[in-house]
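Participant: what's the 3D shape of this:
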Amino acid sequence: MTWTVASDWKIVEWNEWDMKHLATSILFNPNKHEEMRNTKVRTFRDEASTRQKEPNALLKWKASLDNQSQSSLSSWDGNGHCNWTGIICDKSRRVHQLKLSRFGLKGKLHGFSFSSFPKLNVIDLSSNYLRGTIPSGVGNLSRLTYLDLSSNNLSGYIPFEIGKLRSISELYLESNILTGSIPPSIGNLTDLSFLYLHKNKLSGSIPQQIGMLKSLYKLALSDNNLVGSLPPSIGNLSNLSGLRLYNNKILGSIPKEIGMLGSLEGINLSNNSLSGEIPASIGNLTKVNSLYLSANNFHGSIPQEIGKMRSLIDLELAVANLSGLIPASIGNLKNLYRARFLGN
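Facilitator: Model (predicted):
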């Protein structure tokens, strides 16, 4: 025989042995039932306390913003934080997404308690007026898949702890005033598809660990102060579709490993200090439709292998210090719409 028993959490079926065991346990240990009840009460209180940390943390951050920003977040008041502007919760009423793009927010991120949001999956604070540095606490968001802090006034270094965001697939930090080097810990973000760091004041060289980002689809590091050479490890980015490194101070030769980027559709390395010859392996990039190498310090001639780039539409090699004749193989580029060779 079985009995159906309704507990606080679920309905279960107990057989005769279970019922006898329970009765014996309560008969000979009268405190057992009370202990079980107290345990459940404590668990409930702990969960409620944890959930309350999130609205408290949000209200604390709101209070650190200027008056106009606080007015924009007027719905952030009292209970029911899952109904607040820009807040999306999961089924357990834990904050899952924070979306406040273009809210005119003025303040800093240091008042934001990242550790209070263990289930946070998306942060979009783009196109605001946030200033100060990116706190190292951002690395506590182990479930974060999307982080957009672009188009603010953030300064200082990209924290090393950014490499702890092992679940992240999209990282947008462009159009800020970030300085220092790209941290090598970026190589830990093996699920990353989009990495946008352009329009900052980043310096130093591109870390070789960039080659560990084998899921990377778009890489934009343009409009910075990057120096050093292109790491050969860039050839590992087999899924890369777009490579934008223009307007930097990158030195040395284009590594021959660039020819391994079979998924690449667009390359812009213009306005750097690249030297050496354009590698023949560039002919392997048969999906590339735009190739911009202008304003560099190459030597030698345009490789005849460029004629293998059958998808090429736009070719810019102006002011690149190239010599010799334009190869006849360029006639194979049936899709070519524009080609610039001036200033060589």
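
Participant: Could you give the number of residues near the closest residue to K308 other than its chain neighbours?
Facilitator: Nearest non-adjacent residue to K308, counting by CB to CB, 6 or more residues apart in numbering: G283, 3.8 Å away. Yep, even glycine has a C-beta here, placed from its N, CA and C like the rest. Per other CB atoms under 10 Å, the neighbour tally for G283 reads 17.

Participant: Could you do L342 as well?
Facilitator: By other CB under 10 Å, the burial measure for L342, its neighbour count, is 10.

Participant: swap in S215?
Facilitator: 16.

Participant: Do you have the helices of the stretch 1-150 of the chain handy? List them.
Facilitator: Assigned by DSSP state H, counting those that start in this stretch, the stretch 1-150 of the chain shows helices spanning 16-28, 31-64, 67-72.

Participant: these two touch, right, G137 and S113?
Facilitator: Yes. Contact criterion CB atoms under 8 Å: G137 and S113 qualify, at 7.4 Å.

Participant: Now list whatever residues contact both of these two.
Facilitator: With contacts defined as CB atoms under 8 Å, 6 or more residues apart in numbering, no residue is shared by G137 and S113.

Participant: Take stretch 264-282, keep the C-alpha atoms, and write them as CSV.
Facilitator: What follows is stretch 264-282, C-alpha atoms only, in CSV (Å, rounded to 0.1, in the frame of the first residue of the first chain):
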residue,chain,number,x,y,z
LEU,A,264,37.4,36.3,-43.1
GLU,A,265,35.2,38.7,-45.2
GLY,A,266,36.7,42.0,-44.3
ILE,A,267,40.2,43.2,-43.4
ASN,A,268,41.2,46.8,-42.5
LEU,A,269,44.8,47.3,-41.4
SER,A,270,45.1,50.9,-42.8
ASN,A,271,47.1,53.7,-41.2
ASN,A,272,49.6,51.7,-39.2
SER,A,273,53.3,51.2,-39.5
LEU,A,274,53.3,47.8,-41.1
SER,A,275,56.4,46.9,-43.1
GLY,A,276,57.8,44.0,-45.0
GLU,A,277,56.1,42.3,-47.9
ILE,A,278,52.4,41.6,-48.2
PRO,A,279,52.4,37.8,-47.7
ALA,A,280,51.5,35.6,-50.6
SER,A,281,49.2,33.6,-48.2
ILE,A,282,46.7,36.5,-48.5
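
Participant: tell me the mean pLDDT over that stretch?
Facilitator: What stretch 264-282 shows for mean pLDDT is 98.

Participant: And it, how far out from the chain middle?
Facilitator: 25 Å (CA atoms, centre = their mean, to the nearest Å).

Participant: what ranges do the strands span in the stretch 51-200 of the chain?
Facilitator: Using DSSP state E, counting those that start in this stretch, the strands of the stretch 51-200 of the chain run over 87-89, 95-99, 106-108, 122-124, 129-132, 146-148, 153-156, 170-172, 177-178, 194-196.

Participant: I'd like the ones you listed written out as TSV, with distance to L261 added.
Facilitator: Below are those laid out as TSV (distance: least, CB to CB, whole Å):
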stretch	distance to L261
strand 87-89	37
strand 95-99	33
strand 106-108	39
strand 122-124	29
strand 129-132	35
strand 146-148	25
strand 153-156	30
strand 170-172	20
strand 177-178	26
strand 194-196	15
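
Participant: now the ones you listed as JSON lines including mean neighbour count, distance to E265 and mean pLDDT?
Facilitator: Below are the strands of the stretch 51-200 of the chain laid out as JSON lines (neighbours: other CB atoms under 10 Å; distance: least, CB to CB, whole Å; pLDDT from 0 to 100):
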{"stretch": "strand 87-89", "mean neighbour count": "17", "distance to E265": "33", "mean pLDDT": "97"}
{"stretch": "strand 95-99", "mean neighbour count": "19", "distance to E265": "30", "mean pLDDT": "97"}
{"stretch": "strand 106-108", "mean neighbour count": "18", "distance to E265": "38", "mean pLDDT": "97"}
{"stretch": "strand 122-124", "mean neighbour count": "19", "distance to E265": "26", "mean pLDDT": "98"}
{"stretch": "strand 129-132", "mean neighbour count": "17", "distance to E265": "33", "mean pLDDT": "98"}
{"stretch": "strand 146-148", "mean neighbour count": "21", "distance to E265": "23", "mean pLDDT": "98"}
{"stretch": "strand 153-156", "mean neighbour count": "16", "distance to E265": "30", "mean pLDDT": "98"}
{"stretch": "strand 170-172", "mean neighbour count": "21", "distance to E265": "19", "mean pLDDT": "98"}
{"stretch": "strand 177-178", "mean neighbour count": "18", "distance to E265": "27", "mean pLDDT": "98"}
{"stretch": "strand 194-196", "mean neighbour count": "20", "distance to E265": "15", "mean pLDDT": "98"}
